[in-house]
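Trainee: Any chance you could fold what I've pasted below:
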Amino acid sequence: MKQVEVTIMGQGYILGCPEGGEALLTTAVASVDREMSAIRDGGKVKARERIAVLAALNLAYQLAERPNRPAPAPKAGGAGAGAAEPDIDALVRRIDAALSDDGHLL
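Mentor: Residues are numbered from 1 along each chain as shown. All right, here's what the predicted structure looks like:
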């Protein structure tokens, strides 16, 4: 495993990367940096952790919207594939509630 130094929203990170995966990692880092910076620049969210969670949700939602994506297999004992799909709005509300008192971080 190779170590790669990257910068996301002005902060440096050293990440593990499999050999040959540098280009894919660089693309992923650029997407995360772009999404986090857009949220920060929107001015409503200041805490880095909240920005990271919202960026992760936005990117996950974008991935979920992609066509030709194989449906996830239902979990054993689950009610079926439809029941496993997350309600994004409810998830965002839960995350906002969990992070509601973190405004003092930045």
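Trainee: Would you list the phi and psi of Glu65?
Mentor: Dihedral pair for Glu65: phi -80, psi -20, per degrees, to the nearest 10.
Trainee: got any ranges where the chain has weak pLDDT?
Mentor: For the chain, applying pLDDT under 70 flags the ranges 68-87, 89-106.
Trainee: Where do the strands of the chain begin and end?
Mentor: Using DSSP state E, the strands of the chain run over residues 2-8, 11-17.
Trainee: So which bits of the lengthiest helix in the chain are buried?
Mentor: When the chain is parsed with DSSP state H, its longest helix is helix 22-41. Using 16 or more other Cβ atoms under 10 Å as the test for burial, helix 22-41 gives Leu25, Val29, Val32, Asp33, Glu35, Met36, Ile39, Arg40. From N, CA and C alone the C-beta is placed, and that goes for glycine too.
Trainee: okay but the first one is in contact with Ile14, surely?
Mentor: Which is Leu25. No. Shown here, Leu25 and Ile14 do not form a contact pair, counting by Cβ atoms under 8 Å, at 11.8 Å.
Trainee: Identify the contacts common to those two.
Mentor: Residues within reach of Leu25 and of Ile14 at once, by Cβ atoms under 8 Å, 6 or more residues apart in numbering, are Val4, Val6.
Trainee: now the strands of the chain as CSV including mean neighbour count and distance to Leu63?
Mentor: Shown next, in CSV, are these (neighbours: other Cβ atoms under 10 Å; distance: least, Cβ to Cβ, whole Å):
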stretch, mean neighbour count, distance to Leu63
strand 2-8, 13, 18
strand 11-17, 11, 19
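Trainee: In JSON lines, list those strands along with distance to Arg48.
Mentor: Listed next are those as JSON lines, based on distance: least, Cβ to Cβ, whole Å:
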{"stretch": "strand 2-8", "distance to Arg48": "10"}
{"stretch": "strand 11-17", "distance to Arg48": "8"}
